[in-house]
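Peer 1: sequence and computational prediction follow.
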Amino acid sequence: MSLHTRDRTRSISTSQILFMATEALWNNKLRTGLTMLGVIIGISSVIAISSVGQGVQKSTEEQLKALGTDVLLVLSGASRTGGINLGSGSATTLTWDDAKAAKQAPAIKGITAYLQRQVQVVYSGQNTFTAILGTDLYYPDVKNTHPQEGRFFNEEELNAAKPVVVLGSNVRDQLFGVGANAISSDVRIQGGRYKVIGVMEAKGSVGGTDQDDRVYIPLTNMSARIVGKNALAGVAISGFWLQTNEEDSLDDAQFQVTNLLRLRHNIYPPLPDDFRIINQVEIVNTLSNVVGLFTVMVVAIAGISLVVGGIGIANIMLVSVVERTKEIGIRKAVGATNSAILSQFLAEAVVVSTIGGGIGITLGIAIAFGAATIFKFPFVISFLSVATGFGMSFTVGLLAGVIPARNAALLDPISALRND
């Protein structure tokens, strides 16, 4: 036989094996479908969870970057009650003068101070319990968040402690209705009337904090009417944000402001600082790492279902070998080799897992797209996750089919023909 003829024979033999494998699976549609189900669930879970995790991670990074990655947050110290630390910002260790003095640092571009409390805001029978920030004129620029309707308060209103308020978009929706016009309306805050002069643009939730569920009033009004004078000298604040000249200046700015505040507060080693500085870039990296680790963990758990799917394939193939013992005996009796029998059963396992993997990938992408659309985060599908999913499904099928296929190939044809 010539080399060309041998190649052609081998090609026909391979085609026949694939045809017989497909025919056997088609003749047992229910069993084949149930066998695929484990692979479909496993692959779709891996693809969907991986995509959702990457989408949430990207959304979190974008939201934090929208608030500024060139920003440092300086918080006042923590007070203690009954031996319990109440957290940064609970003590009045910073004043507005500290924030103004920090402008001396060469790496600082802008500063905005704030004083925060939780209050009830009321309008015409509607009320909501929300955060109120007393701040200064520089908040919109430093925090990169501006009014989408109306305006922010001006210097005259700040100096005169005017009762004006800028609402977060969620607060506006809760009090006035979604998208309603709230400008020039009066709301009550702790019994006082405040005129609405603006509504801030939506920023969403960052790190579990809803940036749109808050209201803004002049810091002078906040100190005088809402909180009351709570510092021996100056206006006490919860903290202040520092905007640096560029992102690479964050470390320089932190070093400069730390030393400046230590000098103002007469803090010398080994005394601890009565303030805390938080780097926004560190928050971005920390949240990204947390979301990434969580995604890896959940994907690993989802991968377990893929292993279970492989075990299901192995079980079904073992049952198939037992059910088709006489068929195997007949084929071997008419000349089928052990390798041909082995190839057919391996082909059946691989076909089941490959088709199941394809369906699982499609379903996983559809689930990920639906979740991204419903929960409004970026739809992210990486080629690596799809390729990995398909490769896993193929490998699972191949491994799951080895033992059943070997058992089928080693069957004695005479014993197989005698089987009832």
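Peer 2: Perfect, thanks for sending it.

Peer 1: any regions of the chain where pLDDT drops low?
Peer 2: Scanning the chain for pLDDT under 70 picks out 1-13, 63-69, 78-91, 206-208, 229-233, 280, 302, 415-420.

Peer 1: measure the most centrally placed residue in it to Ala202 for me?
Peer 2: The centre of the chain sits closest to Val56, judged by CA atoms, centre = their mean, with a distance of 2.4 Å. From Val56 across to Ala202, the span is 18 Å (CB to CB, to the nearest Å). C-beta here means a position set from N, CA and C on the backbone, and glycine is covered the same way.

Peer 1: Gly53 too?
Peer 2: Taking CB to CB, one finds Gly53 at 24 Å from Ala202.

Peer 1: the more surrounded of those two?
Peer 2: Ranked by neighbour count (other CB atoms under 10 Å), Gly53 and Ala202 place Gly53 first, with 22 against 13.

Peer 1: just the element for that one, please.
Peer 2: helix 29-66 (DSSP states H and E).

Peer 1: from the contact counts, what lies against the helix or strand that that helix is followed by?
Peer 2: Heading C-terminal from helix 29-66, the first helix or strand you meet, by DSSP H and E, is strand 71-76. Packing partners of strand 71-76 (3 or more CB pairs under 8 Å, 6 or more residues apart in numbering; DSSP states H and E): strand 94-95, strand 239-244, helix 250-264, strand 275-279, helix 280-323.

Peer 1: and the fourth one, which residues are buried?
Peer 2: Using 16 or more other CB atoms under 10 Å as the test for burial, strand 275-279 gives 275-277, 279.

Peer 1: leaving out sequence neighbours, find the closest residue to Ile311.
Peer 2: Distance criterion CB to CB, 6 or more residues apart in numbering; nearest residue to Ile311, sequence neighbours excluded, is Ala400 at 7.2 Å.

Peer 1: can you give the distance of the helix or strand where that neighbour lies from its chain's centre?
Peer 2: Here Ala400, judged by DSSP H and E, is contained in helix 383-409. Its chain's average C-alpha position is 31 Å from that of helix 383-409, according to CA atoms, centre = their mean, to the nearest Å.

Peer 1: could you name the helices and strands sitting against that helix?
Peer 2: Going by 3+ CB pairs under 8 Å, 6+ apart, helix 383-409 lies up against helix 29-66, helix 280-323, helix 338-375.

Peer 1: what about the nearest residue in space to Ala368 that is not next to it in sequence, how many residues nearby?
Peer 2: Leaving out its chain neighbours, the residue that sits closest to Ala368 by CB to CB, 6+ apart is Ser51, at 3.5 Å. Number of residues near Ser51 (other CB under 10 Å) recorded here: 25.

Peer 1: got a list of what Ser51 touches?
Peer 2: Neighbour list for Ser51: 364-365, 368, 371-372, 379-382, 385 [criterion: CB atoms under 8 Å, 6 or more residues apart in numbering].

Peer 1: from these, which two are the most distant?
Peer 2: Ala371 and Ser382 (15.7 Å; CB to CB).

Peer 1: and these two? which has more neighbours close in?
Peer 2: Ala371 (18 against 12).

Peer 1: isn't that one up against Ser50?
Peer 2: No: using CB atoms under 8 Å, Ala371 is not in contact with Ser50; the gap is 11.8 Å.

Peer 1: could you dump the buried residues of strand 275-279 to TSV with distance to Leu72?
Peer 2: Output for those, formatted as TSV (distance: CB to CB, whole Å):
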residue	distance to Leu72
Phe275	11
Arg276	11
Ile277	6
Asn279	6
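
Peer 1: closest to Gln120 out of those?
Peer 2: Arg276 (28.9 Å).

Peer 1: beta partners for that closest one?
Peer 2: Leu75 (DSSP bridges).

Peer 1: surely it is in contact with Gly77?
Peer 2: Yes: using CB under 8 Å, Arg276 makes contact with Gly77 at a distance of 7.3 Å.

Peer 1: overlap of the contact sets of Ala371 and Ser50?
Peer 2: Both Ala371 and Ser50 lack any common contact, where contact means CB under 8 Å, 6+ apart.

Peer 1: hey, where'd the helices end up in the stretch 51-200 of the chain?
Peer 2: 96-101, 139-143, 155-159, 169-176 (DSSP state H, counting those that start in this stretch).

Peer 1: dump those into TSV; add distance to Leu263 and mean neighbour count as well.
Peer 2: Shown next, in TSV, are those (distance: least, CB to CB, whole Å; neighbours: other CB atoms under 10 Å):
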stretch	distance to Leu263	mean neighbour count
helix 96-101	9	19
helix 139-143	23	20
helix 155-159	28	14
helix 169-176	40	22
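
Peer 1: please name whichever of those helices is nearest to Ile313.
Peer 2: Comparing those by their distance to Ile313 (CB to CB), the top pick is helix 169-176, with 50.0 Å.

Peer 1: centre of the chain to that closest one, how far?
Peer 2: Taking CA atoms, centre = their mean, one finds helix 169-176 lying 26 Å from the centre of the chain it belongs to.

Peer 1: now stretch 379-393
Peer 2: With CA atoms, centre = their mean, you get 18 Å for stretch 379-393.

Peer 1: buried stuff in it?
Peer 2: By 16+ other CB under 10 Å, the buried positions in stretch 379-393 come out as 379-381, 385-386, 388-390, 392-393.

Peer 1: just stretch 183-192 next, same as before
Peer 2: Of the residues in stretch 183-192, 185, 187, 189 count as buried by neighbour count, 16+ other CB under 10 Å.
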